[in-house]
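1. The sequence and its predicted three-dimensional model are supplied below.
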Amino acid sequence: MIGNPIGHTKSPMIHGSFAEATGQAIDYRAIEGSLKCFADEVHAFRKAGGRGMNVTAPFKLQAYALATERLERAELTGATNALKFDGDRIVADNFDGVGLTNDIQRNLGFPLKGARMLVIGAGGAVRGALLPFLAQQPTLVVLANRTETKAIDLAKQFAGQGHVQGCGYDELAGERFDIVINGTSASLKGELPPLPAETLRGAKLAYELAYGKGLTPFLRLAQHAGVPKLADGVGMLVEQAAEAFLWWRGVRPDTRGVIDRMTIPLV
């Protein structure tokens, strides 16, 4: 795992648990990458025998640019969170969105097929989730963002993949959704997106991409609106790691035990 800063990362623990459970011998470490020499550090890692690398902020765009091959999710997202090294090839993929989709469907038990989904935000995390979401054939995915044009433009980019629309927050009045996902960074600052409270009424699931923050302002708003299931992004974190592990090692680890150990009660 390479990022900056990187001291907070749980990835070595997650992949170490996967390796132990599946009998795989791996050496997975955290690297605090240089903000000026990212490509040099990746090449040095490869020369030292590195076979794969997870990538986190602020290097996802640089990793995308460095890749010699980009798989569909990385191509559509314009960013990568995983690299595989095969000879001279640097192959890029992005597992953030599929990790989120797997958590919602497999772990939380909410099928996306036929669902009406509201995704708040239009940044990189949301962009990475759209292709996996739309592949599950929801009835509608609405992107709401403070800058309306950003949500509309993002929706247009994915219009050929399914039913997706972009709008501003004020256009949500009177709309109802089955699943509402906060993909903004507001919760990292203890803030609340300018979401009309009534938009959450009738929703079955409220999902916060941030993890380890407890009952964030968004989740508290959902709780007050009567949403029966609240979740944060710890499951997404573990599930995207499992997808990368499968890609690198050819074996899918069980995720339930790791998620249970990492989950903080939402109180």
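-> The structure has been received and is ready for your questions.

2. hey, let's count contacts and neighbours off CA atoms from now on
-> Fine.

3. the strands in the stretch 51-200 of the chain, which residues?
-> 52-54, 69-70, 82-86, 89-93, 116-120, 140-144, 164-167, 179-182 (DSSP state E, counting those that start in this stretch).

4. right, so of the ones you listed, which gets closest to Asn107?
-> strand 179-182 (14.7 Å; C-alpha to C-alpha).

5. Packing partners of the closest one?
-> The helices and strands touching strand 179-182, judged by 3 or more C-alpha pairs under 8 Å, 6 or more residues apart in numbering; DSSP states H and E, are strand 116-120, strand 205-208.

6. which stretches of the stretch 1-150 of the chain aren't confidently modelled?
-> Nowhere does the stretch 1-150 of the chain drop to pLDDT under 70.

7. now the helices for this protein?
-> Counting by DSSP state H, the segments of the chain that form helices are 11-22, 38-47, 60-66, 72-77, 96-102, 124-135, 148-157, 217-224, 234-249, 256-262.

8. Tell me the helices and strands packed up against the fifth one.
-> When you say that, I think you mean helix 96-102. Using 3+ C-alpha pairs under 8 Å, 6+ apart: helix 96-102 touches helix 124-135, helix 234-249.

9. May I see those helices arranged in CSV, with distance to Thr147 as well?
-> Shown next, in CSV, are the helices and strands packed on helix 96-102 (distance: least, C-alpha to C-alpha, whole Å):
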stretch, distance to Thr147
helix 124-135, 14
helix 234-249, 26
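
10. Same list (these) but as a markdown table, adding mean neighbour count and distance to Leu143.
-> Output for those, formatted as a markdown table (neighbours: other C-alpha atoms under 10 Å; distance: least, C-alpha to C-alpha, whole Å):
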| stretch | mean neighbour count | distance to Leu143 |
| --- | --- | --- |
| helix 124-135 | 21 | 9 |
| helix 234-249 | 22 | 19 |
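
11. if I pick Met101, what's in contact with it?
-> Careful, residue 101 is Thr; it's not Met. Listed by C-alpha atoms under 8 Å, 6 or more residues apart in numbering, the contact set of Thr101 reads Ala129, Pro132, Phe133, Met236.

12. okay, now the closest residue to Leu188 other than its chain neighbours: neighbour count?
-> Setting aside the residues directly before and after it, Leu188 is nearest to Ala210 in space (C-alpha to C-alpha, 6 or more residues apart in numbering), at 7.0 Å. Counted with other C-alpha atoms under 10 Å, the neighbours of Ala210 add up to 21.

13. Could you check how far Ala210 is from Gly52?
-> Look at Ala210 and Gly52: by C-alpha to C-alpha, to the nearest Å, they are 25 Å apart.

14. ditto for Lys204
-> Lys204 is 38 Å from Gly52, by C-alpha to C-alpha.

15. Also Pro194?
-> The value you get for Pro194 to Gly52, if C-alpha to C-alpha is used, is 39 Å.

16. Mind telling me which residue is nearest the centre of this protein?
-> Centroid-nearest residue in the chain, with C-alpha atoms, centre = their mean: Asp96, separated by 3.4 Å.

17. I'd say that residue and Ala242 touch.
-> No: applying C-alpha atoms under 8 Å as the test, Asp96 and Ala242 come out as separate, 10.7 Å apart.

18. returning to what we had before: using TSV, lay out the strands of the stretch 51-200 of the chain together with distance to Ala19 and mean neighbour count.
-> Formatted as TSV, those follow (distance: least, C-alpha to C-alpha, whole Å; neighbours: other C-alpha atoms under 10 Å):
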stretch	distance to Ala19	mean neighbour count
strand 52-54	14	24
strand 69-70	26	19
strand 82-86	17	22
strand 89-93	21	22
strand 116-120	33	23
strand 140-144	36	24
strand 164-167	38	22
strand 179-182	31	24
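
19. among these, which is nearest Asn102?
-> When those are compared (using C-alpha to C-alpha), the closest one is strand 179-182, at 14.2 Å.
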